[in-house]
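Participant: Here is the input, now give the coordinates:
(one chain, ligands or ions: 1)
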Amino acid sequence: MTPADISGVDVLVIGAGNAAANAALAAHEAGARVALLEVAPREARAGNSAFTGGAFRFVHHGVEDLLRLAPDIAELDLASIDFGTYSQERYFDDMGRLTEYRCDPDLTEVLIGGSYDAALWLHGHGVRFQPALGRQAFKVDGRFTFWGGLACHILGGGAHLTATLHAALERAEIPVLYETMAVGLLHGDGGIDGVRALHRGRPCEIRAGAVVLACGGFESNPEMRARYLGPNADLAKVRGTRFNMGWGHRMAMDAGAAPAGHWSGAHAVQWDMNAPPYGDLTVGDRFQKHNYPFGILVNARGERFLDEGLDFHSYTYAKYGWEVMRQPGLFAWQVFDQNATPLLREEYRIRRITKESAATFEELAAKLTGVDPAGFLRTIAAYNAAPRPDVPFNPNIHDGLRTQGLAIDKTNWARPLDTPPFDAYGVTCGVTFTFGGLRVSTAAEVLDITGAPIPGLYAAGEIVGGLYYHNYGSGTGLVAGVVFGRLAGAGAAQSARQGGSPT
Ligand SMILES: Cc1cc2nc3c(=O)[nH]c(=O)nc-3n(C[C@H](O)[C@H](O)[C@H](O)COP(=O)(O)OP(=O)(O)OC[C@H]3O[C@@H](n4cnc5c(N)ncnc54)[C@H](O)[C@@H]3O)c2cc1C
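Facilitator: Down below sits the predicted model:
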């Protein structure tokens, strides 16, 4: 296929990840002729969406809603699982609290209001879901209790999501032009009517009735990370694709689009200190290490530097990567005893892992590369000796089992580390995606700096600004991509029909 083969479509979607595929399918279902441009070769397509673990946060009112998405749930022992519910109000509260009340309320309302429908839509296109047992609910006294509202994951994560969405594109005969990087928007009298692109390095122009930008954030670009996220952000590892270079942001702002959201903010987690610079699809998201609430974290001085038990990991993991980044040497070690081992997720048992074990803390101290052994032993002694209330440990609730009197207390799940052998996992900062993006309307139209929609230009996914500030609740990114992708695709189809036809 060549650029000429797709030039003149009604809707041209830039990118081939979750937001792009859903935009393309929605535009197709609205009657438009659609094509996608993807900078990556086919085997590296779909950006961060190919790497995702598949957590999917949506409003639900209990098990009946979940059964529509994951009928296999009926075969579980439902008497031993409390899925709870997740209301619109709770979702709103979570978004507000996590973003320090900065998230755009109108966009957030659209996101939340469309979240369950987004799951049904994906299910309708063949995407399978499973309950997030062991990730969002632990077994205590024979019973799983969901604590975070996030009930389901996409079964098979990013690999399944990508394969399923691309199979749907193929069934709809929507072409994807690979190895083609959009580098600029074509601005005709009626609005945006195509892009300038590089197809296998050769410049070309591709005309379209409307354009949807679904080409991700700028997390893959060290120059932009340093420029916007601050010192050392260029040294962070990138958890996913190496292709999200922020070109969509540049093209749109060159065409008059307004920036929005938290441009100096990004989602960043604790990630194996020896992981490669960009994601590796054979490992996927498993370089992450999310069970720190059940242990402690120490830096190069051997000191703790944050409250590991501040909240469930879903509500702290996306900001604690930055805390590791602020430590000397940009690394930390997560330390656990055997009481924690049964709670550790599969990602702690992969082969490519930075792990040390020892029967005593003295032995472990000598093994932790870069850590001051004396400082480490002082930290362990103080942590273990700190007074605690006499309450039972319970990983499904904020159990209030906290230390008292430490410089930084651990405020939940603070069991002493007293059962050898002791295990430690080396982590650094892994950036997931950036928060700064384009200003869009509630219909996913890209707005210019006066607040008016730029005719023929839509955006969805990570490139949209205004949803996340400072922090993020797990499972929101994919939902946002589907909700705004569908709106962008339908809107672009309508725009193309109403005269944004190619010049
Ligand atoms: C390791 C990892 C785990 C994650 N886990 C979860 C999770 O469990 N739940 C969740 O909700 N979210 C998760 N996320 C976040 C989630 O994956 C993203 O929010 C979502 O996939 C973004 O979708 P998108 O379509 O906006 O961008 P992407 O999927 O990144 O797609 C962008 C596409 O645009 C292409 N592109 C970029 N620039 C250009 C250009 N100039 N021209 C043409 N093409 C271009 C890229 O190659 C890519 O295909 C995770 C992310 C990572 C990295």
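
Participant: Pull up the gap between the closest residue in space to Gly295 that isn't next to it in sequence and Phe312, please.
Facilitator: With Cβ to Cβ, 6 or more residues apart in numbering as the criterion, Gly295 has its nearest non-adjacent residue at 3.9 Å, and that residue is Phe336. (C-beta placed from N, C-alpha, C; glycine too.) Here the distance between Phe336 and Phe312 works out to 17 Å (Cβ to Cβ, to the nearest Å).

Participant: looking just at contacts, which helices and strands does the helix or strand bottoming out on mean pLDDT in the chain meet?
Facilitator: For the chain, scoring each helix and strand by mean pLDDT, DSSP states H and E identifies strand 137-140 as the least confident one, at a mean of 86. Applying 3 or more Cβ pairs under 8 Å, 6 or more residues apart in numbering; DSSP states H and E, one finds that strand 137-140 makes contact with strand 143-146.

Participant: Can you give me the buried ones in the helix or strand following the strand it packs on?
Facilitator: On the C-terminal side of strand 143-146, the nearest following helix or strand under DSSP states H and E is strand 152-154. Of all the residues in strand 152-154, those buried under the rule 16 or more other Cβ atoms under 10 Å are 152-154.

Participant: Next, see if strand 152-154 gets close to the ligand.
Facilitator: No - residues of strand 152-154 contacting the ligand under Cβ under 6 Å from any ligand atom: none, with a closest distance of 6.9 Å.

Participant: which residues sit against the helix or strand just after that strand?
Facilitator: On the C-terminal side of strand 152-154, the closest following helix or strand by DSSP H and E is helix 157-171. Residues outside helix 157-171 that contact it (Cβ atoms under 8 Å, 6 or more residues apart in numbering): 16-18, 21-22, 24-25, 36, 45-46, 48-54, 122, 125-128, 154, 176, 281, 284-285, 478.

Participant: Get me the contact residues on the stretch 401-503 of the chain for the ligand.
Facilitator: Looking at the ligand, the residues of the stretch 401-503 of the chain close enough under Cβ under 6 Å from any ligand atom are 432-433, 461-462, 475-478, 481.

Participant: So which bits of the stretch 101-250 of the chain are right by the ligand?
Facilitator: 181-182, 214-216, 239-241, 243-244, 247-248.

Participant: run the last query once more with 8 Å
Facilitator: With Cβ under 8 Å from any ligand atom as the criterion, the stretch 101-250 of the chain meets the ligand at residues 153-154, 157-158, 180-183, 197, 214-217, 238-241, 243-248.

Participant: ok, of the residues you listed, which come out buried?
Facilitator: Neighbour-count burial within those applies to 153-154, 157-158, 180-182, 197, 214-217, 238-241, 243-248; the criterion is 16+ other Cβ under 10 Å.

Participant: From the residues you listed, which land in helices?
Facilitator: Secondary structure assignment (DSSP state H) places 157-158, 247-248 from these within helices.

Participant: hmm, which two among those residues are most spread apart?
Facilitator: Checking these against each other with Cβ to Cβ, the farthest-apart pair comes out as Gly157 and Trp247, at 26.3 Å.

Participant: neighbours around Ser264, how many?
Facilitator: Residues contacting Ser264 under the criterion other Cβ atoms under 10 Å number 14.

Participant: Quick check: it is in a helix.
Facilitator: No - with the criterion set as DSSP: H, G, I helix; E, B strand; the rest coil, the secondary structure at Ser264 is coil rather than a helix.

Participant: In contact with Phe336, which residues?
Facilitator: Phe336 makes contacts with 291, 294-295, 344, 417, 422-425, as judged by Cβ under 8 Å, 6+ apart.

Participant: go on, Tyr315?
Facilitator: Residues touching Tyr315, when contacts are defined by Cβ under 8 Å, 6+ apart, comprise 94, 98, 148, 471, 473-474.

Participant: what does Val464 give?
Facilitator: Counting by Cβ under 8 Å, 6+ apart, Val464 has contacts 107, 260-261, 437-438, 440, 444, 480, 484.

Participant: Which of the residues you listed fall in helices?
Facilitator: Under the assignment DSSP H, the contacts of Val464 contribute 107, 480, 484 to helices.

Participant: quick one: the first one from the ligand, how far?
Facilitator: The one in question is Leu107. According to Cβ to the nearest ligand atom, to the nearest Å, Leu107 stands 14 Å off from the ligand.

Participant: Who are the contact partners of that residue?
Facilitator: 440, 442, 464, 466-467.

Participant: Between all of the contacts of Phe336, which two are separated the most?
Facilitator: Greatest spacing in the contacts of Phe336, by Cβ to Cβ: Asn291 and Phe422 (14.7 Å).

Participant: ok so, going back, tell me which two in the contacts of Tyr315 are the farthest apart.
Facilitator: Within the contacts of Tyr315, Gly148 and Asn471 form the most distant pair, 13.8 Å apart (Cβ to Cβ).

Participant: Just the closest residue of the stretch 151-300 of the chain to the ligand, please.
Facilitator: Gly240 (2.8 Å; Cβ to the nearest ligand atom).

Participant: List the residues that contact that residue.
Facilitator: With Cβ under 8 Å, 6+ apart as the criterion, the residues that contact Gly240 are 47-48, 50-52, 219-220, 278-279, 432-433.

Participant: Which members of those residues occur in strands, if any?
Facilitator: 432-433 (DSSP state E).

Participant: can you give me the helices in this protein?
Facilitator: Remark: helices of the chain, listed N- to C-terminal, are 3-6, 18-29, 63-69, 88-98, 105-113, 115-124, 157-171, 222-224, 247-254, 317-325, 361-367, 373-385, 476-497; assignment by DSSP H.

Participant: Just the mean pLDDT for the longest one, thanks.
Facilitator: Think helix 476-497. The average pLDDT for helix 476-497 rounds to 98.

Participant: Repeat that for the fifth one.
Facilitator: Averaging pLDDT along helix 105-113 yields 98.

Participant: for the chain, what are the low-confidence residue spans?
Facilitator: Counting by pLDDT under 70, the ranges of the chain that qualify are 500-503.
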